[in-house]
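Chemist: Give me the fold of what follows.
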Amino acid sequence: MPAPETILRLVEQYERNSPAYSAQGYNETQLRREFLDPFFEALG
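Modeler: So this is what the prediction gives:
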């Protein structure tokens, strides 16, 4: 079964912006809102 489109988009977004996401100013709340919540929502 292929990955849902939402998950593929999240992976692409992360790969494009990984330096910013590794920066010290990027925090856990931002991670949850931008990636974890949409990830788990896509999985149902």
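Chemist: From P19, how far off is A3?
Modeler: Distance from A3 to P19, counting by C-beta to C-beta, to the nearest Å: 24 Å. C-betas here are computed from N, CA, C, even on glycine.
Chemist: So if I had to pick from those two, which one is more boxed in?
Modeler: Between A3 and P19, A3 has the larger neighbour count (other C-beta atoms under 10 Å), namely 12 against 7.
Chemist: can you list the weak-confidence ranges in the chain?
Modeler: Counting by pLDDT under 70, the chain contains no low-confidence residues.
Chemist: Helices of that one, start to end?
Modeler: Taking DSSP state H, the helices of the chain run over residues 5-22, 28-31, 37-43.
Chemist: Next, name the residue at the spatial heart of the chain.
Modeler: Nearest to the mean C-alpha position of the chain, by C-alpha atoms, centre = their mean, lies F35 at 2.9 Å.
Chemist: list the contacts for that one?
Modeler: F35 makes contact with L10, Y14 under the criterion C-beta atoms under 8 Å, 6 or more residues apart in numbering.
Chemist: Renumber starting at 429 from here on
Modeler: Sure, I'll start counting at 429 from here, so that last one is F463.
Chemist: do you know how far it is from T434?
Modeler: Per C-beta to C-beta, F463 is found 11 Å from T434.
Chemist: Spit out the contact partners of F467.
Modeler: Neighbour list for F467: T434, I435, L438 [criterion: C-beta under 8 Å, 6+ apart].
Chemist: which one of those is nearest Q452?
Modeler: Distance to Q452 across those (C-beta to C-beta) is lowest for L438, with 22.0 Å.
Chemist: residues near that closest one, how many?
Modeler: L438 has 18 neighbouring residues, counting by other C-beta under 10 Å.
Chemist: That one and D465 touch, don't they?
Modeler: No - the criterion here is C-beta atoms under 8 Å, and L438 misses it with D465 at 10.4 Å.
Chemist: now E462: how far from V439?
Modeler: 12 Å.
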